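*Asks:* Quick one: sequence plus predicted model below, questions after.
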Amino acid sequence: MPIKARCGRADEVPPGSSKVVQINERVVAIFNVDGTLHALDNTCPHQGGPLGEGYLEDNGVVSCPWHGWTFDVCTGVSPIDAELKVRTYPVRVEDGQIIVEVDG
């Protein structure tokens, strides 16, 4: 059963920024791209770098701060190699609060 977790206020994540949260055993990075929130696993599949600390480009692509691997925060797919992917999660704003849904 999915878990719907409150992850803070939406105004804490302005456009172009990110926030890292822990939901049970998962660490999730939340990104704001032009006012729309996206959530994905915080862990880069290359060597475990923290994607939430990476550089977010205007086109919604984040670069891992450790080795520069890139992922589209909307889809989780790497623009360099479509075989590389990180998991994404449904995210929405309710009454100003960020709600992320993960598997329970």
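*Replies:* On my side now, so go ahead. Numbering: from 1, shown residues only.
*Asks:* Quick one: mean pLDDT for the helix or strand that contains R92?
*Replies:* Take DSSP states H and E as the rule and R92 turns out to sit in strand 91-94. The average pLDDT within strand 91-94 is 98.
*Asks:* That one pairs with which strands, and in what direction?
*Replies:* strand 97-102 (antiparallel) (DSSP bridges).
*Asks:* how distant is the partner strand from the center of its chain?
*Replies:* Remark: strand 97-102 is offset 11 Å from the chain centroid, using CA atoms, centre = their mean, to the nearest Å.
*Asks:* repeat for stretch 35-50
*Replies:* On CA atoms, centre = their mean, the centre of stretch 35-50 falls 5 Å from that of its chain.
*Asks:* Equivalent analysis for stretch 47-62, please.
*Replies:* The answer for stretch 47-62 is 8 Å, by CA atoms, centre = their mean.
*Asks:* now swap in stretch 78-92 and tell me
*Replies:* Taking mean C-alpha positions (CA atoms, centre = their mean), stretch 78-92 and its chain are 9 Å apart.
*Asks:* same check, this time on stretch 96-104
*Replies:* The chain centroid and the centroid of stretch 96-104 are separated by 12 Å under CA atoms, centre = their mean.
*Asks:* got it, and stretch 90-100?
*Replies:* Offset of stretch 90-100 from its chain centre (CA atoms, centre = their mean): 13 Å.
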